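Q: Just to be clear, the model below is a prediction. Sequence and coordinates:
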Amino acid sequence: MQTSFYIALLEPKDKNQLFELIQANAKRLHQYFPITAKENCSLVATEIYIATKMREASAKENYTFKIVEKGSQLPIGLLIIKKIDWQTKTCEFAYFIDKNHEGKGIISKGMTQLITHCKEELQLKKAVLRIGEDNPGSLRIAEKFDFKMTERIKNGHKDFHGNIMDVLHFERVL
């Protein structure tokens, strides 16, 4: 089966399409990606967001990949390697997919690529996921990729509107 998407680091030319993707998914992103939603509230903000993510990738602090649909060449989601600790060789993964592309296995295939990149290119040893317990899709990803829940973090996440919720902390060896 041929893959219908590819991943690549964000580039300045992605500004308009990324802004449109974020706006089209704003309601969902407000809950789980509040910072990304706030940092992409206008085209100018998205331009700054992309420049920041490019700088972070150059500094090996954070890698934000766009998921691009091959046919349309439009971004349909993000895969993020963040909170990299080079001392402990640990990182956190975050991801989202456009609501029209959910349930197609794209995040699963993207996670396979992220894990491979972290192991082989970045030589990281452990990855973390922080997931809201009311997010069944992400809980399935954690299970599918053998992440083990290590703790429930009380009041561990604040959404776009300031609501505080518990999150589940998962880890896996890469």
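A: Looks like it arrived, so ask away. Residues are numbered from 1 along each chain as shown.

Q: Summarise which helices and strands whichever strand or helix holds Ile107 is packed against.
A: If you go by DSSP states H and E, Ile107 is part of helix 106-116. Contacts defined by 3 or more C-beta pairs under 8 Å, 6 or more residues apart in numbering; DSSP states H and E place helix 106-116 against strand 5-9, strand 63-69, strand 75-85, strand 90-97, helix 136-144. Glycine gets a C-beta too; all of them are placed from N, C-alpha and C.

Q: now it against strand 5-9, angle please.
A: With axes from the mean of the first three to the mean of the last three C-alpha atoms, to 10 degrees defining the directions, helix 106-116 sits at 50 degrees from strand 5-9.

Q: Lys126 versus the closest residue to Tyr63 other than its chain neighbours, what's the distance?
A: For Tyr63, ignoring the flanking residues on the chain, the nearest one in space by C-beta to C-beta, 6 or more residues apart in numbering is Ile81 at 4.3 Å. According to C-beta to C-beta, to the nearest Å, Ile81 and Lys126 sit 12 Å apart.

Q: Kindly report the same for Trp86.
A: From Trp86 to Lys126 the distance is 12 Å (C-beta to C-beta).

Q: For the residue nearest to Thr3 when sequence neighbours are not counted, grab the count of nearby residues.
A: Excluding its sequence neighbours, the residue lying closest to Thr3 (C-beta to C-beta, 6+ apart) is Lys109, at 6.3 Å. Lys109 has 16 neighbours, counted by other C-beta atoms under 10 Å.

Q: Low-confidence regions, this protein specifically.
A: 1-2 (pLDDT under 70).

Q: Spatially central residue for it, please.
A: Tyr95 (2.4 Å; C-alpha atoms, centre = their mean).

Q: from memory that one sits against Ile107, does it?
A: Yes - the criterion here is C-beta atoms under 8 Å, and Tyr95 meets it with Ile107 at 5.5 Å.
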